[in-house]
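Undergrad: I would like to see how this sequence folds:
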Amino acid sequence: MYWPGLSTMKDMKPMLPLCLLWLLALLAPAVAAPALTLDRNGDGNPDQWYEVVDGQVLGLSLDRNYDGQADYAVEYDAQNRKSSERMDFNYDGNMDDFYFFEDGQLVRQEVDSNFDGRVDVWVSLEGQYIRGYEMDRDFDGVVEVRKAFGP
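TA: Have a look, this model is predicted:
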């Protein structure tokens, strides 16, 4: 079959892992299974990991820079909504940005802004609005700045 704009199967490569994942999730046994892995860049090493239980994807981890370490991870609740998300922005092997969701809505973000392995910024959210934040400006483990917004 020919589709304008798709000259080769190589052009379809980004869609193939997702299609394969959903097919495997539907066919997965009704027990906890080891993580499903995919090789997105074709180098022979896994760089995408899925946790599938009872045919439902509960977690996804990605190696965005192909160094063999996950630098993005997301977990889903039973209704397939995000429950948490973690990112390693400087690719040092340690997650440094954390997002927490309730009923699929982002409610809190925690950031390790100096990449020392300790969270030093906490942001409370309500929908798209920042309700407040706390900061440890000198990275000593003590919050020096607190700011609340709204009533």
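
Undergrad: end to end on stretch 128-143, go ahead and measure it.
TA: 24 Å (C-alpha to C-alpha, to the nearest Å).

Undergrad: find the nearest non-adjacent residue to Pro46, please.
TA: Thr37 (3.6 Å; C-beta to C-beta, 6 or more residues apart in numbering). C-beta: built from backbone N, CA, C; applies to glycine.

Undergrad: one more: Val119?
TA: Excluding its sequence neighbours, the residue lying closest to Val119 (C-beta to C-beta, 6+ apart) is Glu110, at 4.4 Å.

Undergrad: so where does the residue nearest to Pro46 fall, helix or strand?
TA: Using DSSP states H and E, the element containing Thr37 is strand 36-38.

Undergrad: from Ala35, how far out is the residue nearest to Val119?
TA: For Glu110, the distance to Ala35 equals 25 Å [C-beta to C-beta, to the nearest Å].

Undergrad: more crowded one of those two?
TA: Glu110 (16 against 13; other C-beta atoms under 10 Å).

Undergrad: quick one: pLDDT of that one?
TA: Confidence at Glu110, expressed as pLDDT, is 98.

Undergrad: any idea how this protein splits into domains?
TA: Following the assignment in automatic domain parsing, the chain carries domains at 17-70, 92-151.

Undergrad: for the strand holding Thr37, packing partners?
TA: Here strand 36-38 touches helix 15-27, strand 48-53, going by 3 or more C-beta pairs under 8 Å, 6 or more residues apart in numbering; DSSP states H and E.

Undergrad: in stretch 58-65, what's buried?
TA: By 16 or more other C-beta atoms under 10 Å, the buried positions in stretch 58-65 come out as 58-63.

Undergrad: do stretch 111-127 as well
TA: 111-113, 119-123, 125.

Undergrad: same question, stretch 90-97
TA: 95-97.

Undergrad: save those residues as JSON lines, and put in pLDDT, secondary structure and distance to Trp49 too.
TA: JSON lines is the format used below for the buried residues of stretch 90-97 (pLDDT from 0 to 100; DSSP: H, G, I helix; E, B strand; the rest coil; distance: C-beta to C-beta, whole Å):
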{"residue": "Met95", "pLDDT": "97", "secondary structure": "coil", "distance to Trp49": "15"}
{"residue": "Asp96", "pLDDT": "96", "secondary structure": "coil", "distance to Trp49": "20"}
{"residue": "Asp97", "pLDDT": "98", "secondary structure": "strand", "distance to Trp49": "19"}
